[in-house]
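> below: sequence and its predicted model.
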2 protein chains.
Amino acid sequence: MSPKITTELLRQLRQVMKSPKYVQEPVQAYIVPSGDAHQSEYIAPCDCRRAFISGFDGSAGTAIVTEQHAAMWTDGRYFLQAAQQMDNNWTLMKMGLKDTPTQEDWLVSVLPEGSKVGVDPFIIPADQWKRMSKALRIAGHDLVPVKENLIDTIWTDCPQRPCKPLITLDLSYTGVSWREKITILRSKMAERKVLWFVVTALDEVAWLFNLRGSDVEYNPVFFAYAVIGMNTIRLFIDGDRMMDPDVREHLQLDSTLEPEFKIQVMPYGSILSELQAVGASLSPKEKVWLSDKASYALTEAIPKAYRYLTPYTPICIAKAVKNASETEGMRRAHIKDAVALCELFNWLEKEVPKGTVTEIIAADKAEQFRSQQKDFVELSFATISSTGPNGAIIHYKPVPETNRTLSVSEIYLLDSGAQYKDGTTDVTRTMHFGTPSAYEKECFTYVLKGHIAVSAAIFPNGTKGHLLDSFARSALWDSGLDYLHGTGHGVGSFLNVHEGPCGISYKTFADEPLEAGMIVSDEPGYYEDGSFGIRIENVVLVIPAETKYNFKNRGSLTFEPLTLVPIQTKMIDVNLLTQKECNWVNDYHQTCREVIGAELERQGRHEALQWLIRETEPLIRVQ
Amino acid sequence: MSPKITTELLRQLRQVMKSPKYVQEPVQAYIVPSGDAHQSEYIAPCDCRRAFISGFDGSAGTAIVTEQHAAMWTDGRYFLQAAQQMDNNWTLMKMGLKDTPTQEDWLVSVLPEGSKVGVDPFIIPADQWKRMSKALRIAGHDLVPVKENLIDTIWTDCPQRPCKPLITLDLSYTGVSWREKITILRSKMAERKVLWFVVTALDEVAWLFNLRGSDVEYNPVFFAYAVIGMNTIRLFIDGDRMMDPDVREHLQLDSTLEPEFKIQVMPYGSILSELQAVGASLSPKEKVWLSDKASYALTEAIPKAYRYLTPYTPICIAKAVKNASETEGMRRAHIKDAVALCELFNWLEKEVPKGTVTEIIAADKAEQFRSQQKDFVELSFATISSTGPNGAIIHYKPVPETNRTLSVSEIYLLDSGAQYKDGTTDVTRTMHFGTPSAYEKECFTYVLKGHIAVSAAIFPNGTKGHLLDSFARSALWDSGLDYLHGTGHGVGSFLNVHEGPCGISYKTFADEPLEAGMIVSDEPGYYEDGSFGIRIENVVLVIPAETKYNFKNRGSLTFEPLTLVPIQTKMIDVNLLTQKECNWVNDYHQTCREVIGAELERQGRHEALQWLIRETEPLIRVQ
């Protein structure tokens, strides 16, 4: 992977930063966050402004360009990738390390007195604006909104904003109709005494209306906003998508409905002016509910006294707790996904020794097997297919320049998943097709112990996920090993593979208490730069647990793995496992054999079934 | 314990809340925080305003009185105690439970439109003022500073502010002279480009000048502020304490010193006007450093543009990392403390069966044995001596009304500690003088497993304490048990028994990364309301650990117990321990036997030595 040469682009950007055509006064720094106007994690090509200006295309990162400097903040998953993709114009700021300055502190340290720092007000979330604006103001600088996005002004071949057809989801998938969801939302609004709710996150719009799209790769969402009043519903969406008869019927656009369920369809671009009109119409004590992560532009449309901002919207919280239809859908999706992976691993075992399988071929083959499954829609993220040293790049994606051939002498890590109409999957398995070294087995076994410690953890109802994070690290820590990423993220139901508000991380944000029905990943890892990467990931469902004393009736929770793919026993040093851990692996493999075995049988995939049976042989611990 | 009758007091308070003599405009609510003007946790009798108005005298709690209501917020340690001490005028707000409103939310829900909420600006920390003021403003109310403390106006027999003699500590105790400490502080000030540093916390003043006092029971501190400039030192302190020749020499008040080490002594009460003068003298870019927990009154004395506020002061952080002299002092203190407890437990074993030992007698006896030790100063907190159901009151203190007699049929919990001139101790042991039930042993063993899990934990340098908290709970959680308090707090070196900025808690505030030399407590517990309480507490020192791979040279840490008092093996269900846990107990007891045994021998305490030897017999695990 060679870095993107950005000298000329930076020159152009620095020019427009001073150009009266775009800025009222010159800005001495310009911030390029990685999000879009909906603060999405995964974004459409037209929104990849940070990747365009820097070359670094990981899912998280913020670029700041000043007259003299260009700096990129990103987290541990991306240190290696960012270093490889960016040229020498850029300084990498490794977030999470002790000595890395915050963006604010860095700006204060490099800017001349009384500087202006520009940012696109549609891209920066209101909470970030507030924090940064305050820090800059204290130091004598100013954060200023720059209406026209300065990257767009120099991005001559910027792609168009996508506007693809919609998918409607019926009750068998969603469990709850969009009308019921609106009714529940309005009751939450009434509880908080707010008159309007603004839906800005793309997955929240999709969830609320039981619609899906494909405007953003991997995330089945579509560009839209919604503004819900106590008696009105406004949906801001472009294109002829609302002409589709299916969609019209699903949304009952042509029926004579109670007026409070009548959806007014409006142009996507009119959200700001409509919201400003709402803002201007309010009487004292009337409030508008927004996420505090909504864009600064939309937040400012509502006068401060009328805003009701919360870190998590009621939709975000409702969406996280899956109902029975969604849970059953997720189970079905994970069974199909496991079938595809059994096929893949069986195929890899035969093909890898021939020396003809590259990371890209393996990733394509995984997609091919998945696409054979019912209701397959697309992948849920770019497949991480990495062998040997590439495995240590935590969010690696194979490209021709880096594409390595799988071999019997290197560890292979596959982190992949798919969108099915009934659910979203995300699974990582780490395998060796030859004979792993004792050290590789040792590291793998510590990671497995961490995976089991979380998966089998029992905890009181309402525990926050961050309290479980160190369970995943304890076995690694005992030997002086660790990994620089969180242990788990929320997973959507045929929606974004990363979703809030819960997770399992040493970071304590995005951390609403866990409750039964929530779905998260459990994915500890270990990475040895230049050598290998190990990660073991299941998607797990929060379920009630049986405990002897049940926390004085507060209720007990634990996890149930939805992912049912064998964990390679060849990589396990059985003597490092306790009997309890050994039993966990055997029980897990027994379930894989029964549930996935039955489906392989049903699909007539006999060779993969034989592979599954072989890979789920019980471990025996000699002591 | 019968509750304090507060009807008349609340009537008087509600009267002064409307009296033009004290308030410019009537206040509809008055907040009574538990702290003093230094935001101390432990306070002098003259500052116990919240206890005076409500009857609840636990160490943490905030009272709010409105025209109609009186409500008390406190945490899990004090739910039972507060319920017992307050009459029906008061509503208990159980912090940490899901449905408990915050003070702000509650105020908004009960106050009439456009209310004024009063508070003493010297008592409320600036960060709390800010949060509360904002929440109230959004809801249309106002937080207003009430200059005269309204509780003081109705507290006719309020005691005088204490002003006791000072103790000077020489280098053998402190390791670093006050002049060196000032020099280091000034270098931190220069780094942050601040001109002035205001020392507001009492333990920070004491630590900085290597002085101790006894103005507050259990905490060897004295009422004072300090303002450190780059060339000046101002100490605000009352009384004739500065006439003591020892103190004069220690502070070199009469020597011809370099001017930057010359201490100007000023009256305690002049801090506000002096700080206002400093504030008025500043030029642009000149900053004054304060803790963001300093009082609103002092913070407001510095114009906003000149303030540099941080959650932890450089003194707080430096104080937390003990140097070699302090660590050695802490070790000596803990050895003496263990000698006293061996004597006590030996005595209790003989006396309890006679039925003549009450909780108060046991607590007094513990103090008596401690006071026989060299350099004993006072207790470090009110001894928690509790048997049977009293043990479930987490911060119980025996008083004649509640005083129970120890017996061979109830669990006894003793949480106690002392101030020695060389260090501060804090230890909890839970014992049974008869035959514990299987359930009591089961709970005790889970708590012990949690204690060991923290004490033996290995973790990377710079880990925050909250990441270790669930290690202490895991064994309890597996059986559906938990405890409603954090697992550990920082411990001062002949200073406050609770100190920041590190700790081990599911709460994530007060949580600077752990580093070698920090000292915290490790004290999981389990409490069964109405039956018993169990807690096992050691004070532990953060030390470097040996690990196989050492976190890529980031460094490994673990804990070393400073407390060396046997853990009652009679209470342990050995079969619930792993072999590793069993070894930990045996190794710990071996160290107790060697170190404390030698000291008992030296002090000629032969009977206690026999007791120690008996109590440190190795556990044998049969499997």
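Received the coordinates, thanks. Numbering: from 1, shown residues only, chains lettered A, B, ... in the order given.
> what does chain A put close to chain B?
Residues of chain A lying close to chain B (CB under 8 Å from any CB of the partner chain) are A:98, A:138, A:305, A:457-460, A:462, A:464, A:466-471, A:473-474, A:477-482, A:506, A:508, A:513, A:547-551, A:554, A:556. Any C-beta I mention is one placed from the backbone N, CA and C, and that applies to glycine too.
> show me those that map onto strands.
If you go by DSSP state E, the residues of chain A next to chain B have A:459-460, A:556 in strands.
> which single residue in the stretch 51-200 of chain A comes nearest to chain B?
Sorted by distance to chain B under CB to the nearest CB, the residues of the stretch 51-200 of chain A start with A:K98, at 6.2 Å.
> relative to B:E512, how far out is the closest residue to that residue other than its chain neighbours?
Counting by CB to CB, 6 or more residues apart in numbering or on different chains, A:K98 lies nearest to B:G462, which is 6.2 Å off, once chain neighbours are set aside. Note on B:G462: its distance to B:E512, by CB to CB, to the nearest Å, is 10 Å.
> of those two, which one has the most company?
B:E512 (20 against 15; other CB atoms under 10 Å in any protein chain shown).
> from chain A, how far out is the more buried one?
Noted for B:E512: a distance of 12 Å to chain A, by CB to the nearest CB, to the nearest Å.
> so, low pLDDT: which residues of the stretch 1-150 of chain A?
Applying pLDDT under 70 to the stretch 1-150 of chain A picks out residues A:1.
> before we move on, the earlier item: tell me the pLDDT of the residue nearest to A:K98.
Looking at B:G462, its pLDDT is 92.
> circling back: weed out the non-buried ones from the residues of chain A next to chain B.
The neighbour-count criterion (16 or more other CB atoms under 10 Å in any protein chain shown) marks A:138, A:457-460, A:464, A:466-471, A:473-474, A:477-482, A:506, A:508, A:513, A:547, A:549-551, A:556 among the residues of chain A next to chain B as buried.
> if I look at A:G555, how far off is A:I543?
A:G555 is 11 Å from A:I543, by CB to CB.
> what's the longest helix in chain A?
For chain A, the longest helix by residue count, based on DSSP state H, is helix A:324-351.
> contacting residues around the helix or strand following that helix?
The helix or strand immediately downstream of helix A:324-351 is helix A:359-371, counting by DSSP states H and E. Contacts with helix A:359-371, where a contact means CB atoms under 8 Å, 6 or more residues apart in numbering or on different chains, come from A:336-337, A:339-341, A:343-344, A:347-348, A:357, A:376, A:379, A:383, A:385-387, A:390, A:398-400, A:402-406, A:412, A:414, A:416, A:418.
> any idea how far helix A:359-371 is from the chain center?
When C-alpha coordinates are averaged (CA atoms, centre = their mean, to the nearest Å), helix A:359-371 and its chain have centres 21 Å apart.
> the first helix or strand past that helix going along the chain packs against which elements?
Using DSSP H and E, the next helix or strand after helix A:359-371 towards the C-terminus is strand A:376-379. On a contact count with 3 or more CB pairs under 8 Å, 6 or more residues apart in numbering or on different chains; DSSP states H and E, strand A:376-379 meets helix A:359-371, strand A:418-420.
> show me how far stretch A:269-281 is from its chain's centre.
So, by CA atoms, centre = their mean, the centroid of stretch A:269-281 is 30 Å from its chain's centroid.
> same thing with stretch A:256-268?
Taking mean C-alpha positions (CA atoms, centre = their mean), stretch A:256-268 and its chain are 31 Å apart.
> for stretch A:73-93, same thing?
20 Å.
> now do the buried residues in that stretch.
Neighbour-count burial for stretch A:73-93 [16+ other CB under 10 Å]: A:73-86, A:89-90, A:92-93.
> also stretch A:407-426?
A:410-426.
> per-domain residue ranges of chain A.
A:6-153, A:167-319, A:321-615 (the TED database).
> what are the contacting residues of stretch A:577-594?
With CB under 8 Å, 6+ apart as the test, stretch A:577-594 has contacts from A:338, A:445, A:448-449, A:452, A:455-456, A:561, A:564-567, A:569, A:572, A:574, A:612-613, A:615-619, A:621, A:623.
> buried ones only from those residues, please, as a PyMOL command.
The PyMOL selection below is limited to those of the contacts of stretch A:577-594 classed as buried (16+ other CB under 10 Å):
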select buried, chain A and resi 338+445+448+449+452+455+456+561+564+565+566+567+569+572+574+612+615+616+621
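> which of the contacts of stretch A:577-594 fall in strands?
Among the contacts of stretch A:577-594, DSSP E puts A:P561 in strands.
> so which of the contacts of stretch A:577-594 sit within helices?
A:338, A:445, A:448-449, A:452, A:455, A:612-613, A:615.
> now the residues you listed as JSON lines including pLDDT?
JSON lines is the format used below for the ones in helices among the contacts of stretch A:577-594 (pLDDT from 0 to 100):
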{"residue": "A:A338", "pLDDT": "98"}
{"residue": "A:T445", "pLDDT": "98"}
{"residue": "A:L448", "pLDDT": "98"}
{"residue": "A:K449", "pLDDT": "98"}
{"residue": "A:I452", "pLDDT": "98"}
{"residue": "A:S455", "pLDDT": "98"}
{"residue": "A:L612", "pLDDT": "98"}
{"residue": "A:I613", "pLDDT": "98"}
{"residue": "A:E615", "pLDDT": "98"}
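> now flag whichever of the residues you listed is closest to A:G530.
Of all those, A:G530 sits closest to A:T445, with 21.5 Å by CB to CB.
> distance of that closest one relative to chain B?
13 Å.
> and for A:E401?
Per CB to the nearest CB, A:E401 is found 27 Å from chain B.
> A:M230 now?
Taken as CB to the nearest CB, the span from A:M230 to chain B is 21 Å.
> A:R186 is in contact with that residue, correct?
Yes: in terms of CB atoms under 8 Å, A:M230 counts as a neighbour of A:R186; the distance is 5.9 Å.
> more neighbours: these two, which one.
Ranked by neighbour count (other CB under 10 Å), A:M230 and A:R186 place A:R186 first, with 18 against 12.
> give the contact list for that one.
Applying CB under 8 Å, 6+ apart, the residues near A:R186 are A:228, A:230.
> if we go to 10 Å?
A:194, A:197, A:228-231, A:233, A:260 (CB atoms under 10 Å, 6 or more residues apart in numbering or on different chains).
> same thing with A:P561?
A:P561 is in contact with A:334, A:427, A:451, A:455-456, A:522, A:538-541, A:588, A:591-592, counting by CB under 10 Å, 6+ apart.
> follow-up on the earlier one: which residues are common contacts for A:M230 and A:R186?
Listed contacts common to A:M230 and A:R186 are A:194, A:197, A:260; contacts here mean CB under 10 Å, 6+ apart.
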